[in-house]
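Colleague: got a predicted structure here, sequence first:
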Amino acid sequence: MTENTTPRAKVYDILAGFSTAMFVTHGPGGRPAARPMHVARVEDGAGDIWFLTSKGGTLLDEVQGQPVVLLVFQNDNSAYLSVRGRARVVDDGARIKELWKEPYRVWFPGGPEDPEIVLIAVEAIDAEYWDTRGVNKLEYLFEAAKAYVKGEKPAVGDPDQHAKTSL
């Protein structure tokens, strides 16, 4: 991480590399429920994370019952990110058209005008990341090898590789 890069900026840099999240809610009885969801958009400047879903699914009930959710991302064993946020349901036809991508037609055959589509926006509260992309991977491998030889745990306190941050 450069001197000018904050953990918050790092979170959104990592987030830009993902297209799918495991969207975790509180299901019946407080039981965690998870499902893969395509990320429709991440607003610039640390804004909302947007998803399209169906009005008839359990996701809406769970979000309306307990809006604090967890988004979990993993990328080829080199970047991991968890984002805790507050979800809200947004029924906005113009915004749906703006976020529409043709592959969504598999789930919504009626296209962006499909009456079953609704949006979920997640406002990030905080996040934790583990980043071993690029140079970080080399640094991590060096620390891991050194720790293995010494019979110790690797030192991974570099905020460029791992940090928790409020958003």
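Modeller: That came through fine. Residues are numbered from 1 along each chain as shown.
Colleague: show me which residues of the one helix or strand Val83 maps to are buried.
Modeller: When elements are defined using DSSP states H and E, Val83 is found to belong to strand 79-90. In terms of neighbour count (16 or more other Cβ atoms under 10 Å), strand 79-90 has its buried residues at 79-85, 87. Any C-beta I mention is one placed from the backbone N, CA and C, and that applies to glycine too.
Colleague: that strand - contacts with which helices or strands?
Modeller: Under the contact criterion of 3 or more Cβ pairs under 8 Å, 6 or more residues apart in numbering; DSSP states H and E, the helices and strands touching strand 79-90 comprise helix 7-15, helix 58-65, strand 68-75, strand 117-131.
Colleague: average pLDDT for the last one?
Modeller: Strand 117-131 carries an average pLDDT of 94.
Colleague: where's Ser78 relative to Leu119, distance?
Modeller: Spatial separation of Ser78 from Leu119 under the definition Cβ to Cβ, to the nearest Å is 30 Å.
Colleague: now do the contacts for Val42.
Modeller: Counting by Cβ atoms under 8 Å, 6 or more residues apart in numbering, Val42 makes contact with 12, 15-16, 48-50.
Colleague: and it, how far from Ser54?
Modeller: 21 Å.
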